[in-house]
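Student: pasting the sequence and the predicted model now:
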Amino acid sequence: MRILYLGDIVGENMISVLERHLPELKQEYKVNLVLANAENVTSGKGLSEKHYKQLKSLGIAGFSMGNHTFSKKEIFDYMDKPETTLCIPANIPCKVGKKVLYIKYNDKVIALVNMMGRVYQNTPLDDPFKTMDNLLESIKADHIIVDFHADATSEKKAFFYDFSGKVDAVLGSHTHTQTSDEMVYNNTCFITDMGMVGDYNSILGDDMDMVIERFRSGVFQPLKVAKTGVAVLGGVVLDLNGNKNTIERILKKYNY
């Protein structure tokens, strides 16, 4: 089974980029399933129901989130619906949202888990290691993929090594900059960060001038998503074949 996993989608303008180029990507890499991190879609923070439905209509089978999961309050109106294919970080100590998303493809079942790291995060979070221990006791699936949404490279890699051989992939997200350290250990695929689907001439998807001014002045100001007309699409292709899983990172540029 070949799965394309897209890094953090930053800004609703990327929906049209995916609409134009996702079909050719699926054909080029001969993927069976597309997954994506969608916590930054709507104005750079959160995911509205409208944008969720638009992405879903493009054939993206499942979505993971992160620290901006609840930035758009309307997520509470749709995330628990049976038909919603979205999972939230499993170690957020709340009683709402899907902690494991089950996706069926032919005769196979994929369990998608979203987890958040705790290093440098201000969000109250349960221990991701113990949370994963508990989830593995009840998950019933042919393949398990974890989107580990975190800042610290060491925390991501520690999680990967700890759960290698127990899950099929640990894929880092959140930092929006693709790393070149993809690897397989104990048949578990890993990359520190998948990158983003966002504006190429930006700072992590945001308007560069606004970010620079924030650093120069030391004064907080709201940021806005960059729209310069050039998009970067980062992600990975997983080949899950039982005894020999593989991972390939992809990075594309498109005008929009």
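Tutor: Great, that's in hand.
Student: show me where the stretch 151-256 of the chain has its strands.
Tutor: Using DSSP state E, counting those that start in this stretch, the strands of the stretch 151-256 of the chain run over 169-173, 183-185, 188-191, 196-199, 230-239, 246-255.
Student: would you mark the buried spots in stretch 107-116?
Tutor: Neighbour counts using 16 or more other CB atoms under 10 Å place 110-116 of stretch 107-116 among the buried residues. Placement of C-beta: from N, CA and C, glycine included.
Student: next: stretch 240-251.
Tutor: Under 16+ other CB under 10 Å, the buried positions of stretch 240-251 are 240, 245, 247, 249-250.
Student: ok, these vs residue 58, which is closest?
Tutor: residue 250 (16.9 Å; CB to CB).
Student: name the nearest residue to that closest one, ignoring sequence neighbours.
Tutor: Taking CB to CB, 6 or more residues apart in numbering, and ignoring the residues beside it in sequence, residue 250 has residue 235 as its nearest neighbour in space, at 5.6 Å.
Student: could you measure from that neighbour over to residue 34?
Tutor: Computed as CB to CB, to the nearest Å, the residue 235 to residue 34 distance reads 9 Å.
Student: who has more neighbours, these two?
Tutor: Taking other CB atoms under 10 Å, residue 235 and residue 34 do not tie; residue 235 has more neighbours (30 against 20).
Student: pretty sure the more buried one sits against residue 7.
Tutor: Yes - look at residue 235 against residue 7 with CB atoms under 8 Å: they come within range, at 5.3 Å.
Student: got any residues that touch both of those two?
Tutor: When CB atoms under 8 Å, 6 or more residues apart in numbering defines a contact, the residues bordering residue 235 and residue 7 alike are 36, 194-195, 197.
Student: could you work out the most separated pair of these?
Tutor: That would be 36 and 195, which, of these, are the farthest apart (CB to CB) at 11.8 Å.
Student: now the residue nearest to the spatial centre of the chain: phi and psi?
Tutor: Most central in the chain under CA atoms, centre = their mean is residue 37, positioned 2.6 Å from the mean C-alpha point. Reported as degrees, to the nearest 10, the phi and psi values for residue 37 are phi -90, psi 130.
Student: what's opposite it in the beta bridge?
Tutor: Note on residue 37: beta-bridge partners residue 64, judged by DSSP bridges.
Student: check it and give its pLDDT.
Tutor: Reported pLDDT at residue 37 in the predicted model: 98.
Student: swap in residue 83?
Tutor: Model confidence at residue 83 (pLDDT) stands at 97.
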